[in-house]
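# pasting the structure only:
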């Protein structure tokens, strides 16, 4: 048992935790008063709610569906109570055999009907619930078809009237409490005071309470998906950062960024089309027998990756690296959604690693103050809020390893020791093996850096050549044969048209598109500051990064469609964050007004990033497959029939 002294010492923590969980827990327990509506799209991301459905959902004409078996159920994390409650579901039988359908709510029969063939229909069942009732709907379908197929479900909804309430059940409430407590304890582990941790978590808790009222289904799913990984990610970050100067504030940045990005990534409407492509590739590898190379090449051929000419014969389709997918192959037996969620967790963890690497790099290039400012900017840059976060997870992982190559190169230039050169070689090979674009970005970066530092010309070029050769031989040898035998002749026959990429203005327009108009001058000022004050190796690394970006932009503009997906904006983003952060940190040292001015600049850039996040989130959710849910009859304020 804890002594009285220990309890007194921990009293601020207990009080802070109670303050953090009070409002969300109250909102979840009391629920939202009507009118309100909660709708589940049956299709991608529905695995948490359903049982007795087919393993795969379908998408037809932009609308997702999911077939039930003859016995199926939807177990939603909601309770409902009051009068004027309406259960709604849209379905189609499709099959010619007549089906008799019985619908129950918590074992109580609420609807029955016959159906066969035909178009989709929407049924509504009105009922009164005197007590809080879990929303557990079961379907029993009596049919003579031999495929064990029941109804093709489109969506399922619960609507409460003005005299009803709807809230979260016990397990999501428990998950919410655990998630908030874990985040708070991670901040405390990272050496933040109880007051500081409370100041960081309190706004998130308030926002969460309002979100529970607005979209309880989304809150429940995000909580369930993020709870297992949050202790691991934030715990490791706290352990690494707690003894570093300024590290506690970086932990706060990581915690907020991780929770906000995770909320969008695991939202039930998060359904970017590329997600299915990544999942399918892992399943294709799992289906093929043979050696590693036979399985990979077979999957690439089945998926049409790297073995076809695109853009009307004016380019080629570069393959994704199979190494990213291999860790997910063993878990394909657990289902499609499990594989997709695992990839999401890896991509989300990569964004955390990028923040930590930017902090570390900026500290080596400048100082810890610049590291803190750069990490804040790296967490809020709109580049990572685009489809990279929601679907392009190989890019995020490859980009983080690219950034590790930059860090290893800087460490080697600052102190050229053999073991540091070996680390540079290892990360360069890992980057190229993990992501195909790294063959271009890493080799170009190391080549430019070698030209800027002639004393290390041979070691740097050797690292670049070694990484490229190993990758081409190990992963892309068959693709090289296809490229020279099939693709290159088509490009050559097309002549000058094949070499035409984006126009110069289109290429340059990508800079303000992702960075706005404030970041470029701040980054330029930070680069000038590095030229004047940073050690020579530090400036050379920054200059090599910027020149690599220029080179990649030139390839995009002049190299044809084959070089349109090198993710040059992703590569340069950390350099922009570091140089802009360094200039802002320098501004903070200027007299009495400097710190206030730096704070305003940081706040403006963070709000710019949040605006980009909301914009990308809205655009990304437009990919959600079910448009029928937008039927105005589902409005919570419309009159019940």
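That came through, no problem. Note that the structure is predicted; figures quoted are calculated from it, not measured.
# in this protein, which segments are predicted with low confidence?
Residues of the chain that meet the criterion pLDDT under 70 lie in 1-9, 304-319, 384-387, 478-479, 482-483, 486-507, 557-564, 619-641.
# ok, longest helix in it?
If each helix of the chain is counted by residues according to DSSP state H, the longest one is helix 336-365.
# buried residues in that helix?
336-337, 339-365 (16 or more other Cβ atoms under 10 Å). Every residue, glycine included, has its C-beta placed from N, CA and C.
# ok, the closest residue to residue 178 other than its chain neighbours - contacts?
Nearest non-adjacent residue to residue 178, counting by Cβ to Cβ, 6 or more residues apart in numbering: residue 227, 6.1 Å away. Shown in contact with residue 227 (Cβ atoms under 8 Å, 6 or more residues apart in numbering): 175, 178-179, 182.
# ok now the longest helix of the chain, how far from the chain's centre?
9 Å (Cα atoms, centre = their mean, to the nearest Å).
# Drop the exposed ones from the contacts of residue 227 and show what's left.
Looks like the contacts of residue 227 have 175, 179, 182 buried, using 16+ other Cβ under 10 Å.
# The last one: which element?
It stands for residue 182. helix 170-189 (DSSP states H and E).
# I'd like the next helix or strand past that helix.
helix 194-214.
# now that following helix against helix 170-189, angle please.
160 degrees (axes from the mean of the first three to the mean of the last three Cα atoms, to 10 degrees).
# Quick one: residues in contact with helix 194-214.
12-13, 15-16, 19-21, 23-24, 26-28, 32, 167-168, 176, 180, 183-184, 187-188, 192, 218-219, 248, 252, 255-256, 259.
# Now do the same contact list for the closest residue in space to residue 534 that isn't next to it in sequence.
Nearest residue to residue 534, sequence neighbours excluded (Cβ to Cβ, 6+ apart): residue 365, at 5.9 Å. For residue 365, the contacting residues are 410, 530, 534, 538, 541-542, 578, 582, by Cβ under 8 Å, 6+ apart.
# likewise residue 65?
42-43, 57-59, 92, 152-154.
# Show me which of those residues are buried.
Looks like the contacts of residue 65 have 42-43, 57, 92, 152-154 buried, using 16+ other Cβ under 10 Å.
# and which of the residues you listed is nearest to residue 112?
Closest approach to residue 112 among those (Cβ to Cβ): residue 153, at 16.6 Å.
# measure that closest one to residue 271 for me?
To residue 271, residue 153 is 16 Å away according to Cβ to Cβ, to the nearest Å.
# got it, and residue 326?
When residue 326 is compared with residue 271 (using Cβ to Cβ), they lie 25 Å apart.
# higher neighbour count, these two?
residue 271 (23 against 14; other Cβ atoms under 10 Å).
# Now for the closest residue to the more buried one other than its chain neighbours: which residues touch it?
Spatially, and ignoring its direct neighbours in sequence, residue 271 is nearest to residue 44 (4.5 Å; Cβ to Cβ, 6+ apart). Going by Cβ under 8 Å, 6+ apart, residue 44 touches 57, 64, 271, 275-276, 337, 340, 625.
# With distance to residue 403 as added columns, please give the residues you listed in CSV.
Putting the contacts of residue 44 into CSV (distance: Cβ to Cβ, whole Å) gives the following:
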residue, distance to residue 403
57, 36
64, 36
271, 29
275, 24
276, 28
337, 30
340, 25
625, 34
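# any idea which of the contacts of residue 65 is closest to residue 594?
residue 43 (53.0 Å).
# which phi and psi does that closest one have?
Main-chain dihedrals, residue 43, degrees, to the nearest 10: phi 160, psi -140.
# same question, residue 288
Phi and psi for residue 288, reported as degrees, to the nearest 10, are phi -90, psi 140.
# tell me the contacts of it?
Per Cβ under 8 Å, 6+ apart, neighbours of residue 288: 294-295, 298-299, 302.
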